[in-house]
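Participant: No letters, just coordinates:
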C-alpha cells in the first residue's frame, strides 16, 4: 500500500468517525446490559429477537435486540435495502450468500435462513465491515462492525 493511499485512509477515518458520532449512527451497536432499547425494555446482553421458535439457547442469544428505523441508517445501507427489496442486481459477488450466524447474535434459525448483503463503506478498499442480514421472513438486521453487534431495521 502506498503512503498516499494510507494517508487518504487515515484522513477518511479521522473525518468519518466523528461524523458517525455526531449523527448518532454509532448507536446501531450493542446495547449495554441494563440499557433501555428502542422499545423501552432492557437487554441482558447483545443478541437476537426471540421469534416464535421457542426460547433462545442459554448463552447464545438474548430476548431482545435494539431496533432502529431504516431512515437512521447510512445512505449506502438504505440503498442496499432497496436493492434487496428489488431482488438486485447486487454489486458484490457474495451478496445474497448464506449467513451462517456463527456468532449466535441473531435468533437461532436453520442454516440458509439468513442471507447477507454488503453495505459499501466509502473510502474502503474492500467490502468493508458493514452488512445487512436478511431473514427468510423478511426481517432485516444491520451491522456496522462485521457481525459483532446488530440492530433490527424497521420501516423501508
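Facilitator: Received it, and whenever you're ready, just let me know what you need. Quick caveat, the model's predicted, so the values are computed rather than measured.

Participant: Residue 145: how many residues sit nearby?
Facilitator: By other Cβ atoms under 10 Å, the residues close to residue 145 number 14. Where C-beta positions appear, they are placed from N, C-alpha and C, glycine not excepted.

Participant: Correction: the previous question concerned residue 99.
Facilitator: Neighbour count for residue 99, taken as other Cβ under 10 Å: 22.

Participant: Relative to residue 122, how far out is it?
Facilitator: According to Cβ to Cβ, to the nearest Å, residue 99 and residue 122 sit 23 Å apart.

Participant: do residue 86 as well
Facilitator: Taking Cβ to Cβ as the measure, residue 86 and residue 122 are separated by 22 Å.

Participant: again with residue 111
Facilitator: Applying Cβ to Cβ to residue 111 and residue 122 gives a distance of 33 Å.

Participant: Now name the helix or strand holding residue 82.
Facilitator: Residue 82 is located in helix 75-86, with elements delineated by DSSP states H and E.

Participant: following that helix, which helix or strand shows up next?
Facilitator: Tracing the chain past helix 75-86, the next element assigned as helix or strand by DSSP H and E is strand 97-99.

Participant: which residues sit against that following strand?
Facilitator: 111-112, 114-116, 131, 133 (Cβ atoms under 8 Å, 6 or more residues apart in numbering).

Participant: Could you do stretch 122-139 as well?
Facilitator: 5, 8-9, 12, 16, 49, 51, 74, 76-77, 80-81, 84, 92, 94, 99, 106, 109, 113-121, 140-147, 150, 152-153.

Participant: what about stretch 88-104, start to end distance?
Facilitator: End-to-end span of stretch 88-104 (Cα to Cα, to the nearest Å): 27 Å.

Participant: avg pLDDT for that stretch?
Facilitator: What stretch 88-104 shows for mean pLDDT is 94.

Participant: Show the buried residues in the contacts of stretch 122-139.
Facilitator: Among those, the ones that count as buried by 16 or more other Cβ atoms under 10 Å are 49, 74, 76-77, 80-81, 84, 99, 106, 113-121, 140-144, 147, 150, 152-153.

Participant: Tell me which entries of the residues you listed lie within strands.
Facilitator: 99, 114-118, 140-143, 152-153 (DSSP state E).
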